[in-house]
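K.L.:
Sharing a sequence plus its predicted fold:
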Amino acid sequence: MKFFKQTIIMSLLLVITFTNFAFGNTGELISKDEYRKIELKEFKIDETKMEFLPINLNHISSMYPTVYDACPGRGDHEMLSSGWGKLIRVNNDGSRETVFNGGAAWQCKWCYEVLVTEYDPLAVGKVGYYCMRYMGNEIPLYGLIMEASPENIKYTNDSKVPYCKLFYR
């Protein structure tokens, strides 16, 4: 199965490479943000199949910062892909704002820490906005909707999240 996934990914990369050669001289290359918008139009995300990790509004002012510590006894978190990711910022007044929808969800296979990223760093080489929280149980493979306080939402142009190693299932 792993070989099959790798073969599919390599085939897609070859198609993308040849497409870039064909259109590269005409300035028709699609940026990562445009690609993501096209990708979202093609896929309809059914949020009823996603796990929901709400925030407790009674304790929003005392929320712990984003968890960056190493996985207990193991070092970096080994994050496995877990479908779509949606991040909702919950402000101190209780108002909610969607930071991103159609991102990626990840979960540590050892401690169940969860991570949502605006982009799929393994596919596009960029994380964008992201947030980590403790879940306590396994999330479904369809994805996760996470609520978080503004202090826990981070941004990076890098392709890596601190203390996390990302893998496809």
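P.N.:
It's in. Quick caveat: nothing in here was measured; it's all calculated off a predicted structure.

K.L.:
Just to check, Asn91 is in contact with Pro150?
P.N.:
Yes: in this structure Asn91 lies within contact range of Pro150 using CB atoms under 8 Å: 6.4 Å. Every C-beta, even on glycine, is put in place using the N, C-alpha and C of the backbone.

K.L.:
can you list the domain ranges for the protein.
P.N.:
Taking automatic domain parsing as the reference, the chain has its domains at 2-42, 47-167.

K.L.:
now the strands: where do they sit in this structure?
P.N.:
For the chain, the strands defined by DSSP state E occupy 51-53, 77-90, 96-108, 113-117, 128-134, 143-148, 154-156, 164-167.

K.L.:
how close does Arg169 get to Met135?
P.N.:
For Arg169, the distance to Met135 (CB to CB, to the nearest Å) stands at 16 Å.

K.L.:
higher neighbour count, those two?
P.N.:
Taking Arg169 and Met135 together and counting by other CB atoms under 10 Å, Met135 has the greater number of neighbours (19 against 12).

K.L.:
which non-adjacent residue is nearest that one?
P.N.:
Residue nearest to Met135 in three dimensions, not counting chain neighbours: Val114, with 4.4 Å by CB to CB, 6 or more residues apart in numbering.

K.L.:
Also Phe167?
P.N.:
Distances taken as CB to CB, 6+ apart place Leu80 nearest to Phe167, at 5.5 Å, with adjacent residues excluded.

K.L.:
Now do that neighbour against Ile88, distance only.
P.N.:
With distances defined as CB to CB, the gap from Leu80 to Ile88 amounts to 23 Å.
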